[in-house]
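**Student:** pasted the sequence and its predicted model underneath.
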Amino acid sequence: MNDEMRRKLIEAAKEVMKNSYSPYSNFKVGSALLTESGKIYTGCNVENASYGATNCAERTAIFKAVSEGERKIKAIAIVSSSNEYTYPCGICRQVIAEFMLDGEVILENKEGNILIENINDILPNAFRGEML
């Protein structure tokens with residue numbers, strides 16, 4: 001993936017992060033993903049007073065893409081209101097691995113530094129459907 005597309009995903013994630021519903025943690029997260037078909041889907045975190053009902057930005061974007069018929073993700077960008085890189089939580093890593101076999105996880109910190117990880121490196125030995 002080229003730097004221009006990475007930047008486009010990061011900017012889309014930053015834009016949707018503005019829609020974060022995070023009144024309890026004040027931790028805003030935005031995510032944007034690129035599907036194999038070339039479409040970009042975005043998502044923000046949506047908290048709930050019943051914390052278990054909260055949905056992460058990554059899963060919001062993935063569920064939007066899947067609900068539109070997409071099944072293959074090439075890359076996903078994640079940004080947050082934190083000063084640090086924000087890695088996907090364990091549940092999100094598993095959901096990403098379901099739809100992205102070998103793609104880029106693109107992270108940006110507040111200083112604008114970009115870190116690129118491979119899903120297989122941040123979730124080694126993922127549980128996959130073919131194991132069933």
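**Tutor:** That came in fine, so what should we check first? Numbers count the residues shown, from 1 in each chain.
**Student:** can we go C-alpha only for contacts and neighbour counts from here?
**Tutor:** Fine.
**Student:** which other helices and strands contact the strand or helix carrying residue 97?
**Tutor:** Using DSSP states H and E, residue 97 maps to helix 90-99. If contacts are counted by 3 or more Cα pairs under 8 Å, 6 or more residues apart in numbering; DSSP states H and E, helix 90-99 sits against helix 57-67, helix 119-122.
**Student:** so which of those gets nearest residue 42?
**Tutor:** Among those, the nearest to residue 42 by Cα to Cα is helix 57-67 (4.7 Å).
**Student:** ok, residues contacting the closest one?
**Tutor:** Applying Cα atoms under 8 Å, 6 or more residues apart in numbering, the set of residues contacting helix 57-67 from outside is 29-33, 35, 41-46, 71, 76, 78, 88, 92, 95-96.
**Student:** quick one: pLDDT of the residue most central in space within the chain?
**Tutor:** Nearest residue to the geometric centre of the chain (Cα atoms, centre = their mean): residue 58, 3.3 Å. The model reports residue 58 with a pLDDT of 98.
**Student:** residue 102 is in contact with residue 120, correct?
**Tutor:** Yes - Residue 120 is within contact range of residue 102, at 6.5 Å (criterion: Cα atoms under 8 Å).
**Student:** ranges for the strands of this protein?
**Tutor:** Remark: strands assigned in the chain by DSSP state E are 29-35, 40-44, 73-80, 104-108, 114-118.
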